[in-house]
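Enquirer: Structural data only, the sequence is not supplied:
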């Protein structure tokens, strides 16, 4: 399947009604067809993995072509240069989250790039750094907990950023790391308690929300259940 054919399919599937719903959820619809994720994932499956086509789809610049690019690209062929170029194009939280959680987290550069992006000022680049931390805590089953432990000081450092899309990603990363294992749970709780002592209202919200979930008995039971498995 070629780029022209894919865009023709997307135009046929255009749904203006969905565009209004996307906008209500804070999704940038400036260049979007209003096609839902299940439909895009089904189309990506039909297309199959294809790195070169993914690059073309991303360059096309539509919301849906960029989603498809993330779904069909091959992590082993993705370069750190490509990641740094694509992240600068993020203009919506869903593009950020889907690209990080379906593609970027599977590259050899995932941990390095998460640290790097967490220091950036641009809102979606910074969000991407913390989304990477959150999804690595869930998806990267093989790496030792110590690799994720290195993210906690970064989370503490950036917990006073009051921009909505950033603070929610910082909170997400803290919660996901804490739920990975008893070892990380203990360190995440300590980190949250430190964050709670900051004067920043945003930091206190991040800490309170994370501790609410991490200290829930059901959450603790699930974490202990992982240890038994």
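Expert: Arrived safely, thanks for sending. Remember, it's a predicted structure, so these values are computed and weren't measured experimentally.
Enquirer: Could you identify the longest helix within this protein?
Expert: Longest helix of the chain, by residue count under DSSP state H: helix 123-139.
Enquirer: Following element in sequence after it, please.
Expert: Sequence-wise, the next helix or strand downstream of helix 123-139 (DSSP states H and E) is helix 145-149.
Enquirer: Against residue 175, how distant is residue 120?
Expert: Separation of residue 120 from residue 175 (Cβ to Cβ, to the nearest Å) stands at 22 Å. Every C-beta, even on glycine, is put in place using the N, C-alpha and C of the backbone.
Enquirer: Please say which of those two ends up with more neighbours.
Expert: Shown here are residue 120 and residue 175; by other Cβ atoms under 10 Å, residue 175 has more neighbours (21 against 15).
Enquirer: which stretch of helix or strand covers that one?
Expert: Going by DSSP H and E, residue 175 is in helix 164-178.
Enquirer: Now the helix or strand following that helix: buried residues?
Expert: Downstream of helix 164-178, the next assigned helix or strand under DSSP H and E is helix 182-196. By 16 or more other Cβ atoms under 10 Å, the buried positions in helix 182-196 come out as 184, 185, 187, 188, 189, 191, 192, 194, 195, 196.
Enquirer: which other helices and strands contact helix 182-196?
Expert: For helix 182-196, the contact count by 3 or more Cβ pairs under 8 Å, 6 or more residues apart in numbering; DSSP states H and E identifies helix 145-149, helix 152-157, helix 164-178, helix 201-214, helix 217-228 as packing neighbours.
Enquirer: Any chance of CSV for those helices, columns distance to residue 14 and mean pLDDT?
Expert: Listed next are these as CSV, based on distance: least, Cβ to Cβ, whole Å; pLDDT from 0 to 100:
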stretch, distance to residue 14, mean pLDDT
helix 145-149, 41, 97
helix 152-157, 40, 98
helix 164-178, 26, 98
helix 201-214, 37, 98
helix 217-228, 41, 85
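Enquirer: Alright, I will stop here.
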